[in-house]
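**Student:** sharing a model that was predicted from the sequence below.
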Amino acid sequence: MRAVKTILVCSVFALITAFTLVPVEGYKVGDIATDFKLENVDGNIVSLADYNEAKGFVVVFTCNTCPYSIAYEDRIIALDKEYKSKGYPVIAINPNDPAASNGDSLADMKVRATEKGFTFPYLFDKGQKVYPQYGATRTPHVYILKKVNSKLQVAYIGAIDNNSRNPNSVTKRFAADALDALLAGKTPEQRTSRAIGCSIKSL
Amino acid sequence: MRKIQLIFCVAVLVVSCKQTVKKEQASTVTVPSYNYEELAPLLSKKDGKVYIVNFWATWCAPCVKELPAFEKLRAKYQEKNVEVVLVSLDFPSQVDTKLIPFIKKNQLKSQVVLMTDPDQDTWIPKISKNWSGAIPATLIYNSKKSAFYERSFEYDELENELKKFLK
């Protein structure tokens, strides 16, 4: 009996340490993403399940304070304008802990969303539960999800395009190209990309 | 006697001129702008030294917070064949208004270079396949090995990582 107890305690301990020591990898292209329920700047709770008509989503981890996020705001609005009507709305999520990042509280997000006239939900990742599941590391960080048999499959992870600083010098529209491919029933040619961004802020 | 006076005057002039030149030099900070091809040689030197290359920007709060640790490390180990290179990812349009004033204000002693290559999707994986692109990030290398860290450092942690390269 005692041996069983010891084994049990040991295995529980092993499990706990395994989960705390191994960093969460997050999603890879092809993985199934989980849904979430997060508060929007308009006070409503938003969940991906609310969008019956959508063919998928452009989930963008972004924030108020990162210069790269700010540089992309107009391009995120443009993505939403172009692809919402085609079935891929933008869902923006702020992953920063406002206690660690001055200017990223829900109240600050409301101000920014109004100033910029965001046409998409801008959700607050309360308790920072969602971004680690996705494996987001920076802002902005884009995950394009495609509905497959009512599940959400990750189709693209990365940047919006290949020139953060200057929209006029962009030569590859990674996110838009991936969306065009998905809408044409094809697999996107480039399914991941990297870009400089701000680390996600936690205490 | 007149001759001596003249020589003295000229000497005073020369000395004072030299001093002003020196002062100006001290207050002039220039930061070279590099694309990936120009930056790459700084990331693969094989001269027996250990290089600590930190990717940062003045707009990145956790980067600014950890900079003193890199400066302290540089001061402590500069005689021991260790060099610190600070690769700024500031916007090129803000070099004169943000980056250079920051370097002056904080009296940074480490070498600072500006990485301006816009094609991040191409050069980020060349620096490390483990780098998602978030900053701060740090590369430590010598002629034998290298390690990449997409994280922030406290001084002690950074020194511990450096010690692995000094063995």
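**Tutor:** Good, I have the coordinates.
**Student:** contacts, neighbours, all on C-alpha from now
**Tutor:** Will do.
**Student:** who's in contact with residue 30?
**Tutor:** In the absence of a named chain, chain A is used. By C-alpha atoms under 8 Å, 6 or more residues apart in numbering or on different chains, the residues touching A:Gly30 are A:153-155.
**Student:** that was the other one, I meant chain B.
**Tutor:** B:Ile100.
**Student:** which one of the contacts of A:Gly30 is nearest A:Arg75?
**Tutor:** Taking C-alpha to C-alpha as the measure, A:Arg75 lies nearest A:Ala155 of the contacts of A:Gly30, at 19.9 Å.
**Student:** what are the phi and psi values at the closest one?
**Tutor:** The phi/psi pair for A:Ala155 (degrees, to the nearest 10) reads phi -110, psi -20.
**Student:** you'd agree it is up against A:Leu145?
**Tutor:** Yes. The criterion here is C-alpha atoms under 8 Å, and A:Ala155 meets it with A:Leu145 at 5.6 Å.
**Student:** neighbours around the closest residue to A:Gly197 other than its chain neighbours, how many?
**Tutor:** In this structure, A:Gly197 finds its nearest non-sequential neighbour in B:Ala134, 4.8 Å apart by C-alpha to C-alpha, 6 or more residues apart in numbering or on different chains. Residues lying near B:Ala134 (other C-alpha atoms under 10 Å in any protein chain shown) number 23.
**Student:** contacts only, for B:Ala134.
**Tutor:** A:137-139, A:195-199, B:150.
**Student:** adding pLDDT and distance to chain B, write the contacts of A:Gly30 out as a markdown table.
**Tutor:** A markdown table is the format used below for these (pLDDT from 0 to 100; distance: C-alpha to the nearest C-alpha, whole Å):
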| residue | pLDDT | distance to chain B |
| --- | --- | --- |
| A:Gln153 | 98 | 21 |
| A:Val154 | 98 | 17 |
| A:Ala155 | 98 | 17 |
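**Student:** select from these the one having the most neighbours.
**Tutor:** A:Ala155 (26 neighbours).
**Student:** give the contact list for it.
**Tutor:** Counted by C-alpha under 8 Å, 6+ apart, A:Ala155 has contacts A:29-30, A:143-146, A:178, A:187-188, A:191.
**Student:** format the residues you listed as JSON lines; extra columns: secondary structure.
**Tutor:** Shown next, in JSON lines, are the contacts of A:Ala155 (DSSP: H, G, I helix; E, B strand; the rest coil):
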{"residue": "A:Val29", "secondary structure": "coil"}
{"residue": "A:Gly30", "secondary structure": "coil"}
{"residue": "A:Tyr143", "secondary structure": "strand"}
{"residue": "A:Ile144", "secondary structure": "strand"}
{"residue": "A:Leu145", "secondary structure": "strand"}
{"residue": "A:Lys146", "secondary structure": "strand"}
{"residue": "A:Ala178", "secondary structure": "helix"}
{"residue": "A:Thr187", "secondary structure": "coil"}
{"residue": "A:Pro188", "secondary structure": "coil"}
{"residue": "A:Arg191", "secondary structure": "coil"}
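**Student:** wait, which of those residues is closest to chain B?
**Tutor:** A:Arg191 (12.0 Å; C-alpha to the nearest C-alpha).
**Student:** test my guess that the closest one contacts A:Val142.
**Tutor:** No. With contact defined as C-alpha under 8 Å, A:Arg191 does not reach A:Val142; the gap is 11.1 Å.
**Student:** quick one: the strands in chain B, in order.
**Tutor:** B:33-34, B:50-56, B:82-88, B:111-115, B:134-135, B:137-141, B:146-149 (DSSP state E).
**Student:** quick check: which element contains A:Val111?
**Tutor:** helix A:106-116 (DSSP states H and E).
**Student:** and the buried ones among the contacts of A:Ala155, selectable in ChimeraX?
**Tutor:** For the buried members of the contacts of A:Ala155, the matching ChimeraX selection, counting by 16 or more other C-alpha atoms under 10 Å in any protein chain shown, is:
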select /A:29,143,144,145,146,178,188,191
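**Student:** could you dump the contacts of A:Ala155 to JSON lines with distance to A:Lys84 and pLDDT?
**Tutor:** Shown next, in JSON lines, are the contacts of A:Ala155 (distance: C-alpha to C-alpha, whole Å; pLDDT from 0 to 100):
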{"residue": "A:Val29", "distance to A:Lys84": "22", "pLDDT": "97"}
{"residue": "A:Gly30", "distance to A:Lys84": "22", "pLDDT": "97"}
{"residue": "A:Tyr143", "distance to A:Lys84": "15", "pLDDT": "98"}
{"residue": "A:Ile144", "distance to A:Lys84": "13", "pLDDT": "98"}
{"residue": "A:Leu145", "distance to A:Lys84": "13", "pLDDT": "98"}
{"residue": "A:Lys146", "distance to A:Lys84": "13", "pLDDT": "98"}
{"residue": "A:Ala178", "distance to A:Lys84": "14", "pLDDT": "98"}
{"residue": "A:Thr187", "distance to A:Lys84": "19", "pLDDT": "97"}
{"residue": "A:Pro188", "distance to A:Lys84": "18", "pLDDT": "97"}
{"residue": "A:Arg191", "distance to A:Lys84": "20", "pLDDT": "97"}
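**Student:** next SSE after the lowest-mean-pLDDT helix or strand in chain A?
**Tutor:** In chain A, the helix or strand scored least confidently by mean pLDDT, DSSP states H and E is helix A:2-21, which has a mean of 52. The element immediately downstream of helix A:2-21 (helix or strand, assigned by DSSP H and E) is strand A:32-33.
**Student:** if we look at that following strand, which residues are touching it?
**Tutor:** A:27, A:134, A:145, A:151-154.
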